[in-house]
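1. Give me the fold of what follows.
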Amino acid sequence: MEAGRLGCFGSFIQRSKPYIAMISLQFGYAGMNIITKVSLNRGMSHYVLVVYRHAFATAVIAPFAIVLERKVRPKITFPIFMQIFVLGLLGPVIDQNFYYAGLKFTSPTFSCAMSNMLPAMTFVMAVLCRMEKVDMKKIRCQAKVVGTIVTVAGAMLMTLYKGHVINLFWSNHIHTNTTSTPAAAAAADKDWLKGSILLIFATLAWASFFILQAVTLKRYAAQLSLTSLVCFIGTLQSIAVTFVMEHESSVWTIRWDINLLAAAYAGIVSSSIAYYVQGMVMQKRGPVFVTAFSPLMMIIVAILGSFILAEKIYLGGVLGAILIVMGLYSVLWGKHKESQEREAEPILPEAIKGTVENGQTKAITMANDVEANPNTAAVVITVPVPRPPMIATHALEA
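-> Numbering: from 1, shown residues only. Presented below is the predicted three-dimensional model:
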């Protein structure tokens with residue numbers, strides 16, 4: 001009995017590992033948003049933060065890429081280098097700088113809600129790049145299109161409508177009663193709109209990054225090496241951007257304070273550990289499972305932000321976030337159904353081996369990989385073909 005209970009408990013833990021990993025990862029992302037917001041509020045330049053973040057990420061990922069992928073790493077050609085260069089611009093430079101700037105003007109909860117637009121934007125860009133076809137007769141395509149529209153509507157609602165402040169049951173003990181002048185309120189609304197636009201552009205750059213990354217991985221299949229190269233190139237590009245945008249040398253100064261913690265935490269947790277955990281879970285449960293946990297980060301950030309930062313939550317943000325999450329799951333449902341249809345499609349037999357024997361070519365075809373699955377029966381097709389001149393000559397001489 002005890003052995004059976006231990007076996008059931010062990011299997012339960014084994015099944016729960018992907019859930020525990022993804023929930024822990026959302027807490028890690030939430031901590032990154034809170035710590036980064038505190039660092040930005042204390043005056044750290046987001047340009048410098050991006051540089052240090054990806055320098056930490058490069059230092060952590062590169063050793064693993066060098067050791068683990070030394071035998072499978074392909075050569076870098078000029079087209080691949082240009083793709084890595086553009087990936088560095090889209091991810092570390094444009095996406096991260098726009099995201100941090102938008103986070104500075106808005107709030108962590110608002111930024112997390114906006115980032116949930118990523119699957120919908122990626123779907124739109126995949127359609128525009130003809131990487132994905134839309135057949136409106138199929139329910140899964142309708143779900144993805146409707147989800148994209150609902151997601152965009154939620155983002156517009158969050159951007160254009162603030163509404164009144166929602167007081168949570170602990171808010172009265174945390175939020176201070178501050179009075180603001182009409183001019184200050186107008187300036188805050190202007191910054192909110194500016195931050196919303198920056199976050200939308202950041203998500204658009206992020207979606208473009210994923211599209212180009214999928215193309216690059218077909219030519220350069222070493223994922224760890226690609227990630228370390230993108231982080232390294234992005235670090236160099238971010239340094240150049242920072243020299244242009246920041247003219248005081250004091251902005252580069254970093255001490256043992258929240259600024260160092262923000263850079264190290266974002267680089268090690270969000271850009272290194274998160275990549276490894278997501279890859280492991282994605283191999284077992286697929287990309288839809290990984291993406292489905294992203295709204296949890298928004299809830300965690302909302303609770304932590306109201307406690308730590310005394311963040312105010314507005315009605316427009318809540319309504320917009322609900323629409324974005326509904327659109328997110330609609331798009332994910334469509335992607336899940338699409339992956340199910342692909343798995344259910346019959347695999348046509350394909351000739352993979354051929355031998356010339358007694359003037360005939362024997363081609364061995366398999367419905368599935370017979371070598372990987374010995375129980376699958378192989379179909380042997382024998383087709384008579386004329387001998388090539390070289391083979392015929394050697395046969396006559398013999």
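
2. so how far is residue 310 from the residue positioned nearest the centre of the chain?
-> The geometric centre of the chain, computed from its C-alpha atoms, lies nearest to residue 210 (CA atoms, centre = their mean), at 7.1 Å. Going from residue 210 to residue 310 by CB to CB, to the nearest Å gives 35 Å. Just so you know, the C-beta spots here come from the backbone N, C-alpha and C atoms, and that holds for glycine as well.

3. Distance of the closest residue to the residue nearest to the centre of the chain other than its chain neighbours relative to residue 242?
-> Excluding the flanking residues, the one nearest residue 210 by CB to CB, 6 or more residues apart in numbering is residue 122, at 5.4 Å. Distance of residue 122 to residue 242, given as CB to CB: 28 Å.

4. So for these two, which residue has more residues nearby?
-> Between residue 122 and residue 242, counting by other CB atoms under 10 Å, residue 122 is the more crowded of the two (25 against 20).

5. ok, the more buried one - contacts?
-> Residue 122 makes contact with 207, 210-211, according to CB atoms under 8 Å, 6 or more residues apart in numbering.

6. how about the strands in the stretch 51-200 of the chain?
-> 165-166 (DSSP state E, counting those that start in this stretch).

7. Okay, now the unreliable bits of it?
-> Filtered on pLDDT under 70, the stretch 51-200 of the chain yields the residue ranges 168-189.

8. Who are the packing partners of the host helix or strand of residue 230?
-> For residue 230, the host element (DSSP states H and E) is helix 223-245. In terms of contacts (3 or more CB pairs under 8 Å, 6 or more residues apart in numbering; DSSP states H and E), helix 223-245 is packed against helix 46-68, helix 78-88, helix 96-105, helix 182-219.

9. Try it again at 10 Å.
-> With contacts taken as 3 or more CB pairs under 10 Å, 6 or more residues apart in numbering; DSSP states H and E, helix 223-245 sits against helix 46-68, helix 78-88, helix 96-105, helix 182-219, helix 274-285.

10. Select, out of these, the one closest to residue 294.
-> Closest approach to residue 294 among the helices and strands packed on helix 223-245 is made by helix 274-285 (11.1 Å; CB to CB).

11. now that closest one against helix 223-245, angle please.
-> 140 degrees (axes from the mean of the first three to the mean of the last three CA atoms, to 10 degrees).

12. Identify each buried residue in helix 274-285, please.
-> Residues 274-275, 277-278, 281 are the ones in helix 274-285 that count as buried (16 or more other CB atoms under 10 Å).

13. Including pLDDT and distance to residue 333, could those go into a markdown table?
-> Shown next, in a markdown table, are the buried residues of helix 274-285 (pLDDT from 0 to 100; distance: CB to CB, whole Å):
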| residue | pLDDT | distance to residue 333 |
| --- | --- | --- |
| 274 | 82 | 24 |
| 275 | 75 | 26 |
| 277 | 82 | 24 |
| 278 | 79 | 20 |
| 281 | 81 | 19 |
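
14. Could you dump the residues you listed into TSV with distance to residue 113 added?
-> Shown next, in TSV, are the buried residues of helix 274-285 (distance: CB to CB, whole Å):
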residue	distance to residue 113
274	19
275	23
277	23
278	20
281	23
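
15. pLDDT (mean, whole number) over the helix holding residue 230?
-> For helix 223-245, mean pLDDT is 93.

16. sorry, back to before: check the gap between the residue nearest to the centre of the chain and residue 29 for me.
-> 17 Å.

17. for residue 109, same thing?
-> When distance is defined by CB to CB, residue 109 is 13 Å away from residue 29.

18. now residue 191
-> From residue 191 to residue 29 the distance is 24 Å (CB to CB).

19. out of those two, which sits in the busier spot?
-> For residue 191 versus residue 29, the count of surrounding residues by other CB under 10 Å is larger for residue 29: 23 against 13.

20. what's the helix or strand hosting that one packed up against?
-> Following DSSP H and E, one finds residue 29 within helix 2-41. Packing partners of helix 2-41 (3+ CB pairs under 10 Å, 6+ apart): helix 46-68, helix 96-105, helix 108-115, helix 258-265, helix 274-285, helix 287-291, helix 294-308.

21. and the first one, what does it pack onto?
-> With contacts taken as 3+ CB pairs under 10 Å, 6+ apart, helix 46-68 sits against helix 2-41, helix 96-105, helix 223-245, helix 258-265, helix 274-285.

22. Tell me which of those lies nearest to residue 75.
-> helix 223-245 (11.3 Å).

23. quick check: angle from that closest one to helix 96-105?
-> Interaxial angle, helix 223-245 versus helix 96-105 (the same axes, to 10 degrees): 60 degrees.

24. List the buried residues of helix 223-245.
-> 224-239, 241-242.

25. Please verify my assumption that residue 114 contacts residue 154.
-> Yes: using CB atoms under 10 Å, residue 114 is in contact with residue 154, at 9.3 Å.

26. Please report how far residue 63 lies from residue 21.
-> Distance, residue 63 to residue 21, using CB to CB: 23 Å.

27. any idea which of the contacts of residue 122 is closest to residue 78?
-> residue 211 (20.7 Å).

28. re the thing from before, make JSON lines from the contacts of residue 122 and add distance to residue 146 and pLDDT to it.
-> JSON lines is the format used below for those (distance: CB to CB, whole Å; pLDDT from 0 to 100):
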{"residue": "207", "distance to residue 146": "18", "pLDDT": "86"}
{"residue": "210", "distance to residue 146": "21", "pLDDT": "83"}
{"residue": "211", "distance to residue 146": "22", "pLDDT": "86"}
